[in-house]
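Undergrad: return atomic coordinates for the entry below.
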Amino acid sequence: MKISPLVIWLLLSLLPVFFIPEARAQEPPRTTRELSEPDREPSESEEDIPAEEPGPSGPQELSFTLEDAILLALNRNRDLKVQIVNPKIAETAVEERKAPFDFSPFIKLQAEQTTDETSLNRKDIRKNVRDEYPNMPDDIFEQYYDEYFGDVQKATLDKETQSYGGVLGFSKLFSTGTKLEFDLGSQYSDEEKNQLIRKTDSPNEKSSTSSTRYSTSASMTLTQPLLQGVGRKVNLSLVRQAEFDQQISAYELQQYIIELVARVQKNYWDLVLAKETLNIREKSLELSERQMDETQERIRLGKQAESELIFAQAEVAAEKGKVIDAKSALSQRTLDFLRLLNPDVDTLWDRKVSLTTPPAPIDRETGNVQEHVATAFRSRPDLAQAYLNLQKGDLEVVRTRNGLLPRLDFFITLKNMASGPEFPQSISEFDDSDYIVGLNLSRPLENTQAKAQSRRAGLSRLKYLESIENLKQIIQVEVRKAIGEIERCREQIFALQANRSKQEEKLKVEQEKFRVGRSTNLLVFQAQRDLTEARVREVTAIIDQIEAFIDLQICEGTLLQQWSIETISPLLR
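TA: Here you go, the predicted structure:
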């Protein structure tokens, strides 16, 4: 009995069924934990966790919606954690600029000891005595001097003084430029004198005296600039500039968050596109292999020439290469996606990712271009930064122009001093205060530095004005390009959907013609390639449209509002 080749092919295809028990016997053994745990029903909390595939399938797959991906990136992205520190650093600069206006108390304590030895001859002794009695008549002075100091040849005076004192005070600079300084000091001194007098016919005389004295002083100085450095606007300019820098840093953080959310969305959709492309390529490879099997069967039955097999084998090889490229692209996209999200899981880089938000064409109309431009002018963080830089430039112009003026300061100092043998007595003996009033005037001859700073500030302000106008022009171009891209993608989607539908019909026709012997493998595979590329282009156009809407939201500065994400920094609320 002659057996049909078709029957033989069916028997061969059923052989693997009989080897299934042997294949199961070769599965890897269960782990120690799996063997030790008894069989049990999963708890309610465990039912929500996707189980890992048994055997060598690798780590558990991670599943994300688009909302999950954005939320996880905002909480876990390492680059964002680095950027969040910048406004806090800028805040320290504000505090540093405010430091000169702090209330600054001070205290000073000191101890001092001095020793002085003086030798006097007759001429010096006579002069010192005369200095002590300047109003005494000459004849009486001569009689007095001869009686008490006539035989004195030389005198030695040793004086040792110990003093202890302290000063307590404060200084305060006000935003008007006024500076107030006050100090209160007290000093205690103990002086001991040893005197040795050598006479002509009498023995030397020694005498010792000691005295204690307290002195108290108080002073207050008020300095008020009259030209350079006068006014709150000038003196607080550096503080205001630091505050603007802090706001700029907050806007930079907002801009980074916008870019991060945009990157997460685009990476999400790029990963979706990579998965869809791989799926389309694998289905195309499956169709090519099926067509090759059918070709082999038709050749074996004598219904097809053997040369047709070459076209089928070449097409299968080409499709396998495209599948390999698609898998590599998917792997690269997955790594980029996991890097952005940084989920807290083990074996992060070996995880597969499942995305549950499907791509779909967006039917929303873009609306009036001018409305989008006006929204961008109100919401763009970089434009807000440009305006803050302009305000900083205005402050710098004020500050540097003030630096061109001479330094003219009015000052007044009130002083009071008292002394006595006892501390309370020294305070009670404060008399009328002394005072000093004056003006200080100073100015560099050429004042080159101040002139250069003022000129630079004016040029910087001009640059900021031009940069704002330039940025506005860039925004208008970006908005119009984004809207144009959205419209292009919408029209492209309609065209590609129609093309894909026609390519499906074309492939069916070629397959039917091939089955009745009226077509060739070359035409079938050409139709199949056209259909595969049409499907890839259609999915690509949908993803391009979604990303074009993301670009429009970036251009408008409204991306965070679209996701109801509040600004992190309170400076921007």
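Undergrad: point out where this protein drops to low pLDDT.
TA: 1-58, 147-151, 153, 195-205, 207, 419-433, 567-573 (pLDDT under 70).
Undergrad: show the subsequent helix or strand relative to whichever helix in it runs longest.
TA: The helix that spans the most residues within the chain, counting by DSSP state H, is helix 448-515. On the C-terminal side of helix 448-515, the nearest following helix or strand under DSSP states H and E is helix 521-556.
Undergrad: could you list the buried residues of that next one?
TA: Of all the residues in helix 521-556, those buried under the rule 16 or more other CB atoms under 10 Å are 521, 523-532, 534-556. No exception for glycine: its C-beta is placed from N, CA and C like everyone else's.
Undergrad: what sits up against the helix or strand following it?
TA: Scanning forward in sequence from helix 521-556, with DSSP H and E defining helices and strands, the next element found is helix 559-562. Among residues not part of helix 559-562, those counted as contacts by CB atoms under 8 Å, 6 or more residues apart in numbering are 254, 257-258, 261-262, 379, 550, 553, 566-567.
Undergrad: at 10 Å instead, please
TA: Applying CB atoms under 10 Å, 6 or more residues apart in numbering, the external contacts of helix 559-562 come out as 254, 257-262, 265, 375, 379, 381, 549-553, 556, 565-568.
Undergrad: again, but for stretch 313-327
TA: By CB under 10 Å, 6+ apart, the surrounding residues in contact with stretch 313-327 are 274-293, 295-296, 521-522, 524-526, 528-529, 532, 536.
Undergrad: do that again at 7 Å, thanks
TA: With contacts defined as CB atoms under 7 Å, 6 or more residues apart in numbering, stretch 313-327 is touched by 277-278, 281-282, 284-285, 288-289, 292, 525.
Undergrad: in a markdown table: the residues you listed, plus distance to Arg122 and secondary structure.
TA: Rendered in a markdown table, the data for the contacts of stretch 313-327 read as follows (distance: CB to CB, whole Å; DSSP: H, G, I helix; E, B strand; the rest coil):
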| residue | distance to Arg122 | secondary structure |
| --- | --- | --- |
| Thr277 | 119 | helix |
| Leu278 | 120 | helix |
| Arg281 | 124 | helix |
| Glu282 | 126 | helix |
| Ser284 | 129 | helix |
| Leu285 | 129 | helix |
| Ser288 | 133 | helix |
| Glu289 | 134 | helix |
| Met292 | 138 | helix |
| Phe525 | 136 | helix |
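Undergrad: which strand or helix spans the residue nearest in space to the middle of the chain?
TA: Among the residues of the chain, the smallest C-alpha distance to the mean C-alpha position (CA atoms, centre = their mean) belongs to Asn86, namely 2.8 Å. Taking DSSP H and E as the criterion, Asn86 maps to helix 78-98.
Undergrad: can you give me the buried ones in that helix?
TA: By neighbour count with 16+ other CB under 10 Å, helix 78-98 contains the buried residues 80, 83, 86-87, 90-91, 93-94, 97.
Undergrad: now do the strands in the stretch 51-200 of the chain.
TA: Along the stretch 51-200 of the chain, counting by DSSP state E, counting those that start in this stretch, strands occupy 62-64, 104-121, 152-173, 179-199.
Undergrad: dump the ones you listed into a markdown table; add mean neighbour count as well.
TA: Putting the strands of the stretch 51-200 of the chain into a markdown table (neighbours: other CB atoms under 10 Å) gives the following:
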| stretch | mean neighbour count |
| --- | --- |
| strand 62-64 | 18 |
| strand 104-121 | 11 |
| strand 152-173 | 16 |
| strand 179-199 | 16 |
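Undergrad: out of those, nearest to Phe410?
TA: For those, distance to Phe410 was read as CB to CB. The smallest value, 11.2 Å, belongs to strand 179-199.
Undergrad: the closest one: what's the following helix or strand?
TA: Sequence-wise, the next helix or strand downstream of strand 179-199 (DSSP H and E) is strand 205-225.
Undergrad: got the angle for that following strand vs strand 152-173?
TA: Between the axes of strand 205-225 and strand 152-173, defined by axes from the mean of the first three to the mean of the last three CA atoms, to 10 degrees, the angle is 20 degrees.
Undergrad: nice, that's everything, thank you.
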